[in-house]
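Visitor: The sequence and its predicted three-dimensional model are supplied below.
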Amino acid sequence: MVKRGLYGQTVTVYHPVAVKKRVDRFVLHDVFCQLGSREVPDAAGAKRGAAMLLVVPERTRGAANAGGGEAAAGAKADAADQAAGAAAEASGDLREMRYGVDYKLAAGDRVLLGEGGDIAWADWGGFVPAEVDGLGVITYVLPLYLRGGLHHVEAGAWWSAGGAGAGRLAR
């Protein structure tokens with residue numbers, strides 16, 4: 001996927017590794033991230049929850065399956081995408097990012113807008129959106145594929161008044 005105007009943000013993902021009592025830090029460039037909140041009024045007042053969307057374009061995609069016309073059209077699009085990506089890489093405009101290899105995303109990870117510093121394991125409990133501006137907590141991760149290869153990864157927090165949130169995506 002080639003960098004476009006929508007994918008111009010930098011975020012820092014903090015991934016806790018409880019077994020080793022450490023917090024891994026991944027800085028992701030050329031992504032889209034939106035943090036917000038949602039309020040739903042009810043008889044007792046209002047319920048409030050967090051909403052967040054992080055979209056990370058995959059920089060290295062698997063090859064399209066060989067075959068009929070759709071695969072040939074996909075190969076042409078992939079070739080154009082690869083050529084544009086190579087030009088962007090040569091200029092230093094596009095950075096390599098591969099989900100599961102160069103970075104990880106999981107429920108419970110924290111996402112900070114911009115480039116953040118390291119977090120010690122002892123500070124993890126206080127590193128929460130209520131205490132840190134521009135911080136969100138991931139509740140779901142959804143890798144999305146195109147023509148047999150990973151295209152982009154969506155992660156976020158989707159809150160609803162019923163409390164179902166992203167759980168309904170899996171049903």
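Guide: Happy to help now that I have it. Everything numeric in this text was worked out from a predicted model, so none of it was measured. Residues are numbered from 1 along each chain as shown.
Visitor: From now on I want contacts and neighbour counts done on CA atoms only, so please keep to that.
Guide: OK.
Visitor: Low-confidence stretches in this structure?
Guide: Applying pLDDT under 70 to the chain flags the ranges 1-4, 45-49, 60-97, 159-171.
Visitor: what's the single longest strand in it?
Guide: strand 22-42 (DSSP state E).
Visitor: That strand pairs with which strands, and in what direction?
Guide: As defined by DSSP bridges, the strand partners of strand 22-42 come to strand 9-17 (antiparallel), strand 45-57 (antiparallel).
Visitor: Quick check: buried residues in it?
Guide: Going by neighbour count (16 or more other C-alpha atoms under 10 Å), the buried part of strand 22-42 is 22-33, 35.
Visitor: Any idea which of the strands paired with strand 22-42 gets closest to residue 103?
Guide: With C-alpha to C-alpha as the measure, strand 9-17 is the member of the strands paired with strand 22-42 nearest residue 103 (8.5 Å).
Visitor: which residues touch the closest one?
Guide: Strand 9-17 is contacted by residues 22-33, 104-106, 108-116, 119, 121 when judged by C-alpha atoms under 8 Å, 6 or more residues apart in numbering.
Visitor: got the CA coordinates for it in CSV?
Guide: In CSV, the C-alpha atoms belonging to strand 9-17 read as follows (Å, rounded to 0.1, in the frame of the first residue of the first chain):
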residue,chain,number,x,y,z
GLN,A,9,0.6,10.2,11.3
THR,A,10,3.1,8.7,13.7
VAL,A,11,2.1,6.7,16.7
THR,A,12,3.9,4.7,19.4
VAL,A,13,2.5,1.3,20.3
TYR,A,14,3.3,-0.1,23.8
HIS,A,15,3.0,-3.9,24.0
PRO,A,16,3.3,-5.4,27.5
VAL,A,17,5.2,-8.7,27.9
